[in-house]
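Chemist: Just need the structure, nothing else, for what follows:
(one chain, ligands or ions: 1)
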Amino acid sequence: MRVPDIKIAVDGYSSTGKSSFAKLLAKKFDFLYLDSGAMYRGVTYFAQQNGYISPDNVISDSLKDALKELDLHFEVGSQLYMGAECIESQIRSMTVSSQVSPIATVPYVRAWVDERLHAFSEGGRVVMDGRDIGTTVFPDAEIKIFMTASAEVRAKRRYDEMVAKGQNPDLQEVLENLQQRDYIDSHRETSPLKKADDAYTLDNSDMTMQEELAWVQGLIQGKFGIL
Ligand code: DC
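Modeler: From the prediction side, this is the model:
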């Protein structure tokens, strides 16, 4: 199926499988995949490493100037790099997960990330996942998908992911972190997580990836009249 040069926005709650789904679409349609959450995680890691955020989430004003020197970018297979260092595994740790939502509430951080996301996506044919892609980053995206699944299903998925990476998480802690992030993400003032009016909801609590793919292919075929 030849998909036109469009932008696909995939938003939704934490651990709904947005990134696996978005990566699958990118591979299937030969699109560029961009993980906007990785950028917020990268800023959080940078802030933690350099003392711009305290253990009780007080964010120093000097982070704003420090961002001018920060180089976050993706290399081969959507791995996040800070300068020459691949920080993909660091940004997936609980240490980063536990402070990423407060960092993502800061308006100048969001502006900094949005500017980079736009630069990375020049030329279209991009699938980007996050929380505010269909509402703020790409309000003109031709296809918008809002993903959701029950909190328990999502916590178990994140837990399995961490175990597979050799980490030793606590399921209850993972669930609480996820619920806390859902709350902060949907209640913050700047670009809260919310379904765009023209987004299609995908509840994948009981769906396989192949079913999700068939669903979106049907959506694209219907919208663009492709057979
Ligand atoms: O998708 P993720 O769990 O890797 O995202 C990490 C955090 O980044 C999430 O708690 C909220 C924030 N985020 C955001 O505010 N806006 C986005 N477009 C993507 C992520």
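
Chemist: Could you list the residues of the chain in contact with the ligand?
Modeler: 14, 36-37, 40-41, 100-101, 104, 130-133, 181, 185 (CB under 6 Å from any ligand atom). In this view, the C-beta of every residue, glycine as well, is placed from N, C-alpha and C.

Chemist: Compare the residues you listed and tell me which is most surrounded.
Modeler: When those are compared by neighbour count (other CB atoms under 10 Å), residue 133 ends up highest, at 31 neighbours.

Chemist: Next one, pLDDT for that residue please.
Modeler: On pLDDT, residue 133 comes in at 96.

Chemist: so is the nearest residue to residue 120 once chain neighbours are set aside in a helix, a strand, or just coil?
Modeler: Using CB to CB, 6 or more residues apart in numbering and skipping the chain neighbours, the partner closest in space to residue 120 is residue 34 (5.7 Å). With DSSP: H, G, I helix; E, B strand; the rest coil as the basis, residue 34 sits in strand.

Chemist: wouldn't residue 34 be in contact with residue 128 here?
Modeler: Yes. Using CB atoms under 8 Å, residue 34 is in contact with residue 128, at 4.4 Å.

Chemist: Let's see which of the residues of the chain next to the ligand end up in strands.
Modeler: With strands taken from DSSP state E, the overlap with the residues of the chain next to the ligand comprises residue 130.

Chemist: Just the ones of the residues of the chain next to the ligand in helices?
Modeler: 36, 37, 40, 41, 100, 101, 104, 181, 185 (DSSP state H).

Chemist: Pretty sure residue 173 sits in a helix.
Modeler: Yes. Using three-state DSSP, the assignment for residue 173 is a helix.

Chemist: For stretch 138-147, what is the distance to the chain centroid?
Modeler: Between the centre of stretch 138-147 and the centre of its chain there are 13 Å (CA atoms, centre = their mean, to the nearest Å).

Chemist: Show me what that stretch is in contact with.
Modeler: 4, 6-13, 16-18, 21, 121, 128, 133-134, 195-196, 198-204, 216, 219-220, 223 (CB atoms under 8 Å, 6 or more residues apart in numbering).

Chemist: Lovely, talk soon.
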